[in-house]
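A.B. asks: Build me a model:
(4 chains)
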There are 2 protein chains.
Amino acid sequence: MSTKEKILDLAEFYIQHYGYNGFSYNDISTSLGVKNAAVHYHFPRKEELIQEVLRKARVQFDLLAREAETLDKTHLEKVRRFLKIYDNNLTRDNRVCLIGALATDLYTLPAGLGHHLNVLVVAMKSWLAEVLLQGKEQGEFDFDGTADQRAGVICSGMAGALQMARILNNDEYYKIKSQLLNDIIK
Amino acid sequence: MSTKEKILDLAEFYIQHYGYNGFSYNDISTSLGVKNAAVHYHFPRKEELIQEVLRKARVQFDLLAREAETLDKTHLEKVRRFLKIYDNNLTRDNRVCLIGALATDLYTLPAGLGHHLNVLVVAMKSWLAEVLLQGKEQGEFDFDGTADQRAGVICSGMAGALQMARILNNDEYYKIKSQLLNDIIK
DNA sequence: AAATATACTTACTTATTAATAAGTAAGCTA
DNA sequence: TAGCTTACTTATTAATAAGTAAGTATATTT
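C.D. replies: Numbers count the residues shown, from 1 in each chain, chains lettered A, B, ... in the order given. Predicted coordinates for the structure are as follows:
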């Protein structure tokens, strides 16, 4: 893996672990065994670094959506694949989700990043809403409210669940997740 | 209001608006028209300041719980009173909730604060679970899963909703909130 | 009237931040 | 082989961070 890719992975880790204002170029460079200026060489400003982290997250979500399209037979399987994103955050050092982490720091972020964050959230939430809608039409799901509303409840609930897990314990996360799933199946 | 109280209110605002690492003693002092050392006079270290913000939040929640006990006739009214806490965060400058804000910064916080945050979350969640349980036993509510699970879904969903509102729009918050309420009534 | 406490200010320290300028070694390219 | 690019390092900057020691004005107590 190139230094540039390692920087991106470390930046993502630090954002999800400590928040946007909780890490520095020095944290990344010393983790990597290079100098702070080497990080600036690849990403001149912190804004560019975070923007690239968000772009990469969007690319990875698009990949997940394509995998769901080709590999998953039921809509429930697609939803489970989606929720695994959050599981991975929990199991990898109790990260909170990228969106939740950046949302709480939003008003301290360089101006351009809000838009990129919005694009990511809209992509994920609207994909989930579409899966829920089709699953309901085909009798696979049963839930109250619109698919859009239900997608909002799930996205915000999962983001919050990762935060609760930190304060209470990991089991709290799984309890919330299973209940959110139950609420669309019954 | 005393300078000390004003400092506490400003600290709470800054945490919810910018996160723990997104504000400084200077931000507070210049907002107040005093010097940074004056803030250190009242709260020598940032840890003491945040601890006091959390203690105050717990006191205010206890007050809400007592008001609910004396003023609210139905369990639904109690839940609505509880959810109004989140409404107030939204309407006052799109704050995220104190718990969500500090959860994403948790691993950068002075060591002692995790415990105080845990105490606040346990108090709020267990109170809500008890209201939900009694409301269900008396036929006022109808929901799947345990009251504890449902309380977890509501707490994490509301925390996440405030974060989503920042990225999408305030209407997203109200859509999530109404759906979470719907899920316990039906 | 003298001593003490409260609520600050002045002035500072030490450490860290994002960012930049200038230099360098290795490799590729014409 | 001369020039250019890549991927850095060295060294520094201006700004900001939390925190502190010592001084001062005002009010309260003795």
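A.B. asks: Name the SS class of A:A38, please.
C.D. replies: Following DSSP: H, G, I helix; E, B strand; the rest coil, we place A:A38 in the helix state.
A.B. asks: Look at the residue nearest to it when sequence neighbours are not counted and report its pLDDT.
C.D. replies: Spatial nearest neighbour of A:A38, excluding adjacent residues (C-beta to C-beta, 6 or more residues apart in numbering or on different chains): A:S29 at 6.1 Å. Where you see a C-beta, it was placed from the backbone N, CA and C, and this is true even at glycine. Looking at A:S29, its pLDDT reads 92.
A.B. asks: Say whether DNA strand C is contacted by the host helix or strand of A:S29.
C.D. replies: Element membership for A:S29 (DSSP states H and E) is helix A:25-32. Yes. Using C-beta under 7 Å from any atom of the strand, helix A:25-32 comes into contact with DNA strand C via A:Y25, A:N26, A:D27.
A.B. asks: which of these count as buried?
C.D. replies: A:Y25, A:D27 (16 or more other C-beta atoms under 10 Å in any protein chain shown).
A.B. asks: I'd like the residues of helix A:25-32 next to DNA strand C laid out as a markdown table, including distance to B:R80.
C.D. replies: What follows is the residues of helix A:25-32 next to DNA strand C, written out as a markdown table (distance: C-beta to C-beta, whole Å):
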| residue | distance to B:R80 |
| --- | --- |
| A:Y25 | 47 |
| A:N26 | 48 |
| A:D27 | 44 |
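A.B. asks: so where do the helices sit in chain A?
C.D. replies: With DSSP state H as the criterion, chain A has helices at A:3-18, A:25-32, A:36-42, A:46-71, A:75-91, A:98-104, A:113-137, A:147-167, A:170-185.
A.B. asks: tell me the most buried of those?
C.D. replies: Highest mean neighbour count of the helices of chain A: helix A:98-104, a mean of 28 (counted as mean count of other C-beta atoms under 10 Å in any protein chain shown).
A.B. asks: Which other helices and strands does that one contact?
C.D. replies: Helices and strands touching helix A:98-104, by 3 or more C-beta pairs under 8 Å, 6 or more residues apart in numbering or on different chains; DSSP states H and E, are helix A:3-18, helix A:46-71, helix A:113-137, helix A:147-167, helix B:98-104, helix B:147-167.
A.B. asks: Do any residues in the longest one lie close to chain B?
C.D. replies: No. Applying C-beta under 8 Å from any C-beta of the partner chain, one finds helix A:46-71 out of contact with chain B, separated by at least 11.6 Å.
A.B. asks: just to revisit the earlier point, tabulate the CA atom coordinates of the helix holding A:S29 in PDB.
C.D. replies: Coordinates of each C-alpha in helix A:25-32 appear next as PDB, following Å, rounded to 0.1, in the frame of the first residue of the first chain:
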ATOM      1  CA  TYR A  25      -0.900  15.900  10.800                       C
ATOM      2  CA  ASN A  26       1.800  15.000  13.300                       C
ATOM      3  CA  ASP A  27      -0.300  12.100  14.700                       C
ATOM      4  CA  ILE A  28      -0.600  10.700  11.200                       C
ATOM      5  CA  SER A  29       3.100  11.300  10.300                       C
ATOM      6  CA  THR A  30       4.500   9.700  13.500                       C
ATOM      7  CA  SER A  31       2.200   6.700  13.100                       C
ATOM      8  CA  LEU A  32       3.600   6.300   9.600                       C
END
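A.B. asks: and the gap between whatever residue of chain A ends up closest to DNA strand C and B:A38?
C.D. replies: Relative to DNA strand C, the nearest point of chain A is A:S24 (2.8 Å; C-beta to the nearest atom of the strand). According to C-beta to C-beta, to the nearest Å, A:S24 and B:A38 sit 28 Å apart.
A.B. asks: Alright, I will stop here.
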